[in-house]
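Enquirer: I'll drop the sequence and a predicted model, then ask my questions.
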Amino acid sequence: MNPVSIGGLLLAIAAIVGGNYLEGGAPEELLNLPALLIVLGGTIAAVFVQSSGDELRRAIRLSGAAFGRSRQDYVNGVNSVVSWCVLARRKGLLALENEIPSQHDNLVKNGLQMLVDGRTPDVIRSTLETELISREIRDLQGARVLESMGGYAPTMGIIGAVLGLIHVMSNLGNPDNLGAGIATAFVATIYGVGIANLFFLPVAGKIRTMIQQRFHYQEMMLEGILSIAEGQNPRIIQLRLQGYLDQDR
């Protein structure tokens, strides 16, 4: 788990609860099940209508990854490419076949397999670039699901507020029931705005950053694999990929 992301989320919750306490409110005043049901249920229902099953599954997977350690190791990637180049020059491209099972990135696996199969640099580039761009587009669709939820949640909060006020107006003759309606009205708004701006939108932004970092990393690995296919010197390859290391700093 990423301690910075978890810490930020906990800090946001503590700030809201603490601010409410300093204003003289009690923490339990912010707990309202009907309001939570309206906001979360309505938001999830809206995004179900909007998105396909694949987009929803991708959004869930990427949301989990956003709270993990997802930073790309550019230095290790460059070192791997250089070592593959040295191995290929000494023993031939077929020697790279033993490196394929240890790779976790499908693009890198496919690139190494194409080197072993003797594909030309043009074929490798066109194939892997298509895979690279296609995955970026699919993952960005997952990020947009979270962004949509960030837009729907405040609206659901307003709906919850209106429903609470309707409940208040319909029970003016019964003062004992006014408190619950007023609480639903205001707490639903807090839930909608808070969940959108403290979870959905920040997580969507982090997913976009993750996608961009992975894209640059895979682009670097693609350039390295193409350099091996072109038979370039390991030192030249290292210098060629140095610009990607500068981006990581």
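Expert: Happy to help now that I have it.
Enquirer: how close does the residue nearest the centre of the chain get to residue 187?
Expert: In the chain, the centroid-proximal residue (Cα atoms, centre = their mean) is residue 207; its distance is 2.4 Å. From residue 207 across to residue 187, the span is 28 Å (Cβ to Cβ, to the nearest Å). C-beta: built from backbone N, CA, C; applies to glycine.
Enquirer: that older thread, these two touch, right, the residue nearest to the centre of the chain and residue 60?
Expert: No: Residue 207 lies out of contact with residue 60 (Cβ atoms under 8 Å); the separation is 11.3 Å.
Enquirer: can you list the domains in this protein?
Expert: Following automatic domain parsing, one gets these domains for the chain: 1-31, 33-249.
Enquirer: I'd like to know how many residues surround residue 167.
Expert: Neighbour count for residue 167, taken as other Cβ atoms under 10 Å: 17.
Enquirer: now do residue 158
Expert: For residue 158, using other Cβ under 10 Å, the count is 15.
Enquirer: cool, residue 189 as well?
Expert: Neighbours around residue 189, by other Cβ under 10 Å: 21.
Enquirer: can you list the weak-confidence ranges in this protein?
Expert: Where the chain drops to pLDDT under 70, the residues are 1-3, 69-70, 172-173, 175-181, 183-184, 246-249.
Enquirer: the strands in it, which residues?
Expert: Here the chain has no strands by DSSP state E.
Enquirer: hey, which helix is longest across this structure?
Expert: What stands out as the longest helix in the chain, according to DSSP state H, is helix 121-169.
Enquirer: For that one, which helices and strands make contact with it?
Expert: Helix 121-169 sits against helix 33-50, helix 53-66, helix 106-116, helix 178-195, helix 201-229, with contacts defined as 3 or more Cβ pairs under 8 Å, 6 or more residues apart in numbering; DSSP states H and E.
Enquirer: In JSON lines, list these along with distance to residue 235.
Expert: Formatted as JSON lines, the helices and strands packed on helix 121-169 follow (distance: least, Cβ to Cβ, whole Å):
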{"stretch": "helix 33-50", "distance to residue 235": "51"}
{"stretch": "helix 53-66", "distance to residue 235": "35"}
{"stretch": "helix 106-116", "distance to residue 235": "19"}
{"stretch": "helix 178-195", "distance to residue 235": "52"}
{"stretch": "helix 201-229", "distance to residue 235": "11"}
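Enquirer: What is the burial count for residue 4?
Expert: Applying other Cβ under 10 Å, we find 9 residues neighbouring residue 4.
Enquirer: just residue 201 next, same as before
Expert: Residue 201: 17 neighbours (other Cβ under 10 Å).
Enquirer: just residue 18 next, same as before
Expert: If you count neighbours by other Cβ under 10 Å, residue 18 ends up with 12.
Enquirer: and if you look at residue 31?
Expert: Count around residue 31 with other Cβ under 10 Å applied: 11.
Enquirer: For it, give me its contacts.
Expert: Shown in contact with residue 31 (Cβ atoms under 8 Å, 6 or more residues apart in numbering): no residues.
Enquirer: what does the one 5 residues further on give?
Expert: The contact partners of residue 36, taken as Cβ under 8 Å, 6+ apart, are residue 191.
Enquirer: Now do it against residue 195, distance only.
Expert: Following Cβ to Cβ, the distance that separates residue 36 from residue 195 is 9 Å.
Enquirer: And for residue 132?
Expert: 33 Å.
Enquirer: who has more neighbours, those two?
Expert: Applying other Cβ under 10 Å to residue 132 and residue 195 shows that residue 195 carries more neighbours, namely 21 against 17.
Enquirer: mind checking how far the more buried one is from residue 54?
Expert: For residue 195 relative to residue 54 (Cβ to Cβ), the value is 24 Å.
Enquirer: Next: residue 71.
Expert: For residue 71 relative to residue 54 (Cβ to Cβ), the value is 26 Å.
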